[in-house]
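In: for reference, the sequence and a predicted model appear below.
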Number of protein chains: 2
Amino acid sequence: MTPDVLTTWQAYQRMRVLLNGQINRELSRETGLSEADFDILFFMEQSPETSVRSVALRCGLAWEKSRLSHQLRRMEQRGLIEKAPGAVIHLTEKGRAQIAAARDCHEAAVRRYFGDVLTPEQLATLTAISDRVVANLAPGAHH
Amino acid sequence: MTPDVLTTWQAYQRMRVLLNGQINRELSRETGLSEADFDILFFMEQSPETSVRSVALRCGLAWEKSRLSHQLRRMEQRGLIEKAPGAVIHLTEKGRAQIAAARDCHEAAVRRYFGDVLTPEQLATLTAISDRVVANLAPGAHH
DNA sequence: GTCAACTAGTTGATACATCAACCCTGGCCT
DNA sequence: AGGCCAGGGTTGATGTATCAACTAGTTGAC
């Protein structure tokens, strides 16, 4: 029983599309935040400083610079963040409130559709798989 | 050593973003096809018939109807497919040629960044994980 | 000093995804 | 018959992702 690579790929693709679609849909409906919004706000909330340099966001999230620039402009227009001189980004009170509310919703969805249906062994293996693939990719993670 | 769900989730997210980014970038650069183009053309090429009803595409790919409609319009403008009355889609000669060329490129990238770096056990586990998650999600896979 | 190369960031164009609001058409009910 | 409702398909608006081209500050060689 050799696991065909393409079979696994197709199964993985299906999970990727459906799982993230479901979680993003719930997040958007219940909090008004997109996945992109959530990633940015979550990163900033975790950060020990009250402000973050945009290059830290780029490295931490592995985003392209233009993507980040567009996203930050839209988020500033909505009042979730503020841009200060020197490529420094501040989390506004509104942004802090929204991420606090969204975190629980997001975590619950992740558990419901992902964590709760897998065994500890499966979770451990998936972590190993992800790290392996990313490590193999990372040397060429240029943009 | 309990594998924390959120740790696994973050590792998985990182793989998801970087891996699909890399493969899609290569596919686009070398063949001019997006992931969406590829999915449509691949499905149609696999189909035993020379034409496909659009509802079959919707179910097979688990796409929303408006997404499919927009995508088919763009692909028809580029001459990859043709729409016939009765919601029937034909693969043009140009489309057939492009998917034939792209398949090898795509498969090579999947092996290079995914299949070749994982063990058979890991591949088997990932298939099981994907099927489990999708099965748990599928009852509510409405749009 | 100055020129070249590099890096961070921005912008505009284009493609893609999602939502809501439509139009049809084919049952199905009474 | 008339009405009505569910489903497939389209469209427009909006948000998001990517690429290429551009600006501006830094560094380093000469």
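Out: Great, that's in hand.
In: other SSEs contacting the lengthiest helix in chain A?
Out: Identified as the longest helix of chain A according to DSSP state H is helix A:5-31. Where contact means 3 or more C-beta pairs under 8 Å, 6 or more residues apart in numbering or on different chains; DSSP states H and E, helix A:5-31 is packed against helix A:35-46, helix A:93-113, helix B:5-31, helix B:93-113, helix B:120-137. Yep, even glycine has a C-beta here, placed from its N, CA and C like the rest.
In: for residue A:112, give me the pLDDT.
Out: What the model reports as pLDDT for residue A:112 is 94.
In: any idea how far it lies from residue B:5?
Out: 11 Å (C-beta to C-beta, to the nearest Å).
In: please apply the same query to residue A:93.
Out: Distance from residue A:93 to residue B:5, by C-beta to C-beta: 30 Å.
In: so between those two, which is more surrounded?
Out: residue B:5 (17 against 8; other C-beta atoms under 10 Å in any protein chain shown).
In: what is the burial count for the closest residue in space to the more buried one that isn't next to it in sequence?
Out: Of all residues not flanking residue B:5 in the chain, residue A:115 sits nearest, at 3.4 Å (C-beta to C-beta, 6 or more residues apart in numbering or on different chains). A total of 18 residues lie near residue A:115 under the criterion other C-beta under 10 Å.
In: and for the one 5 residues further on?
Out: Residue A:120 is surrounded by 13 other residues when neighbours are defined as other C-beta under 10 Å.
In: tell me the confidence at the residue nearest to residue B:5?
Out: Note for residue A:115: predicted pLDDT of 96.
In: below-threshold pLDDT in chain A: ranges please.
Out: Applying pLDDT under 70 to chain A flags residues A:1-3, A:139-143.
In: grab the most central residue of it for me.
Out: residue A:39 (4.1 Å; C-alpha atoms, centre = their mean).
In: from DNA strand D, how far out is the closest residue to that one other than its chain neighbours?
Out: In space, and not counting its chain neighbours, residue A:39 is closest to residue A:61: 5.7 Å by C-beta to C-beta, 6+ apart. Distance from residue A:61 to DNA strand D, counting by C-beta to the nearest atom of the strand, to the nearest Å: 10 Å.
In: these two touch, right, residue A:61 and residue A:38?
Out: No. Counting by C-beta atoms under 8 Å, residue A:61 sits too far from residue A:38 to count as a contact (11.0 Å).
In: which bits of chain A sit near DNA strand C?
Out: Contacts of chain A with DNA strand C, taken as C-beta under 7 Å from any atom of the strand, map to A:21, A:24-25, A:28-29, A:53-55, A:58, A:65-66, A:68-70, A:72-73, A:83, A:87.
In: can you flag which of these belong to strands?
Out: Residues of those located in strands (DSSP state E): A:53, A:83.
In: now list the buried members of the residues of chain A next to DNA strand C.
Out: Among the residues of chain A next to DNA strand C, the ones that count as buried by 16 or more other C-beta atoms under 10 Å in any protein chain shown are A:24, A:54, A:58, A:68, A:72.
In: and the residues you listed, which is closest to chain B?
Out: Ranked by distance to chain B (C-beta to the nearest C-beta), those are led by residue A:24 at 11.7 Å.
In: tally of neighbours for the nearest residue to that closest one once chain neighbours are set aside?
Out: Nearest residue to residue A:24 in three dimensions, chain neighbours excluded: residue A:35, at 4.9 Å (C-beta to C-beta, 6+ apart). Each residue near residue A:35 was counted by other C-beta under 10 Å, and the total is 14.
In: I'd say residue A:35 and residue A:25 touch.
Out: No. At 10.2 Å, residue A:35 does not count as touching residue A:25 under the criterion of C-beta under 8 Å.
In: cool, thanks, talk later.
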